[in-house]
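1. Whatever this is, show me its structure:
(4 chains, ligands or ions: 4)
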There are 2 protein chains.
Amino acid sequence: MPLPETEVPGALQTALVSRGIRMTRQRRIILEIIETATQHLDAAQILRKAARVDPNINRVTIYRTLGLLKRHGLVDELDLLHVKGEGHFYERRPQRDHMHMTCLRCGKVQEFESDLFDRVKGQVERDCHFHILLARFEIGGYCASCRK
Amino acid sequence: MPLPETEVPGALQTALVSRGIRMTRQRRIILEIIETATQHLDAAQILRKAARVDPNINRVTIYRTLGLLKRHGLVDELDLLHVKGEGHFYERRPQRDHMHMTCLRCGKVQEFESDLFDRVKGQVERDCHFHILLARFEIGGYCASCRK
DNA sequence: CTGCTTGACGCAAAGCGTTGCAACACCATT
DNA sequence: AATGGTGTTGCAACGCTTTGCGTCAAGCAG
Ligand SMILES: [Mn+2]
Ligand SMILES: [Mn+2]
Ligand SMILES: [Zn+2]
Ligand SMILES: [Zn+2]
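-> Ligands and ions are numbered 1, 2, ... in the order given. Predicted structure coming up:
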């Protein structure tokens, strides 16, 4: 999960505060972890990283903060087709949607942006009169290194 | 979830037996429920329907049978972007992939097949050298009736 | 049809995410 | 800087899903 180069440090915190959301010590820790992540993290990984900064942080706070970020459209929740377990993974919502390809053998996750992907969404909006707020395109299979 | 008109009764059971999977009374009940479903069912709904046929059937058996069907690529597991709760929904794997559009207001789920969707997959196979076994496209937003 | 092997079932317990509630701390106001 | 109202936290309890294990039955061999 390459961080967007346009990423401003503290952008998540700024976004929340500008919406009148109260900022706490725990939230700052969690936001920082998500902003500086170099891969898709699950709740347990976020908790472990947070516990290094504040050993008293509770797992409930992790879940509630992730829920908050989801509700505000600031992070997306992925299941990567449950290839890597039953849990969910989280990433900052990007400017432009991308799809995720998860390798069933090695577990590597690739990201891919595509004009065709954007065009499918346009087609749905037009043909189905459906107003899209959220789109997820996940693929499972064998990556270039693992296919024979 | 419209059942494919080409559906053969007992096709799931036939598919499992032909792979050397042992058939049990409980599995027959669960397969029948999934095959005759007219909408996406979650584990609790499947258990309730199964209990009407055999009150002694255990929920663990529901989960294990769903796992079996998933592993064999006979059913797909959807989360519908968790718009309708945290659980998962199950449907027979169709001949041709379709996407799901879930309305954030009324909860209605529409299905949609699209050539563009198929073309995105072709592009991924070609450009990323990724061999696709599984693809899921889920959309959330407002349906035609709910958008203003 | 009978017996045997092996996989499947049910039960109990563990795992993981959610919810209710009382104490706390953020931050706007003074 | 001190105060107060209100949203947030941690803890405990709950609910849904998974896992371990002993018993049972599907279905093949004889
Ligand atoms: Mn991503
Ligand atoms: Mn999910
Ligand atoms: Zn791979
Ligand atoms: Zn609607």
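
2. Name all residues that make contact with the most centrally placed residue in chain A.
-> The centroid of chain A falls nearest to A:Glu91 when counting by C-alpha atoms, centre = their mean (1.9 Å). Neighbouring residues of A:Glu91 by C-beta atoms under 8 Å, 6 or more residues apart in numbering or on different chains: A:Met1, A:Ile34, A:Ala37, A:His40, A:Leu41, A:Val75, A:Asp76, A:Leu78. For glycine as for every other residue, the C-beta is placed from the backbone atoms N, C-alpha and C.

3. Go through those and name the one with the lowest pLDDT.
-> The member of the contacts of A:Glu91 with the lowest pLDDT is A:Met1, and it reads 67.

4. And the closest residue to A:Ala135 other than its chain neighbours, what's its pLDDT?
-> Distances taken as C-beta to C-beta, 6 or more residues apart in numbering or on different chains put B:Ile139 closest to A:Ala135, at 5.0 Å, once the chain neighbours are dropped. Looking at B:Ile139, its pLDDT reads 97.

5. repeat for the one 4 residues further on
-> Model confidence at B:Cys143, given as pLDDT, is 96.

6. need the contact list for the residue nearest to it when sequence neighbours are not counted.
-> Leaving aside its chain neighbours, B:Cys143 sits nearest to B:Cys103 (4.0 Å; criterion: C-beta to C-beta, 6+ apart). For B:Cys103, the contacting residues are B:Val83, B:Val109, B:Gly140, B:Gly141, B:Tyr142, B:Cys143, B:Cys146, by C-beta under 8 Å, 6+ apart.

7. Buried subset of the residues you listed as a ChimeraX selection?
-> Only the buried entries of the contacts of B:Cys103 go into this ChimeraX selection, using 16 or more other C-beta atoms under 10 Å in any protein chain shown:
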select /B:83,109,140,141,142,143
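
8. tell me which parts of chain A are close to ligand 3?
-> A:Cys103, A:Arg105, A:Cys106, A:Cys143, A:Cys146 (C-beta under 5 Å from the ion).

9. out of those, what pair is the most spread apart?
-> Maximum pairwise distance among the residues of chain A next to ligand 3 (C-beta to C-beta): 7.6 Å, between A:Arg105 and A:Cys143.

10. quick one on the thing from earlier: any idea what the residue nearest to B:Cys143 is bridged to?
-> With DSSP bridges as the criterion, B:Cys103 is bridged to B:Gly141.

11. ok, it to ligand 3 distance?
-> Applying C-beta to the ion, to the nearest Å, the value for B:Cys103 to ligand 3 is 36 Å.

12. A:Gln45 too?
-> 21 Å.

13. how many other residues sit next to that residue?
-> 17 (other C-beta atoms under 10 Å in any protein chain shown).

14. Convert the helix or strand in which it is found to PDB, retaining C-alpha atoms only.
-> For A:Gln45, the element it lies in under DSSP states H and E is helix A:43-53. Backbone C-alpha positions of helix A:43-53 (Å, rounded to 0.1, in the frame of the first residue of the first chain) are rendered in PDB as follows:
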ATOM      1  CA  ALA A  43      -7.300  -4.400  13.900                       C
ATOM      2  CA  ALA A  44      -4.900  -6.700  15.800                       C
ATOM      3  CA  GLN A  45      -1.900  -5.200  14.100                       C
ATOM      4  CA  ILE A  46      -3.100  -1.600  14.800                       C
ATOM      5  CA  LEU A  47      -3.700  -2.600  18.500                       C
ATOM      6  CA  ARG A  48      -0.200  -4.000  18.700                       C
ATOM      7  CA  LYS A  49       1.400  -0.900  17.300                       C
ATOM      8  CA  ALA A  50      -0.700   1.300  19.500                       C
ATOM      9  CA  ALA A  51       0.200  -0.700  22.600                       C
ATOM     10  CA  ARG A  52       3.900   0.200  22.000                       C
ATOM     11  CA  VAL A  53       3.000   3.900  22.400                       C
END
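
15. Hmm, A:Gln110 is touching A:His100, no?
-> Yes. Using C-beta atoms under 8 Å, A:Gln110 is in contact with A:His100, at 7.3 Å.

16. quick one: which of these two has more around it?
-> Neighbour comparison, A:Gln110 and A:His100: the larger count goes to A:His100, with 23 against 16 (by other C-beta under 10 Å).
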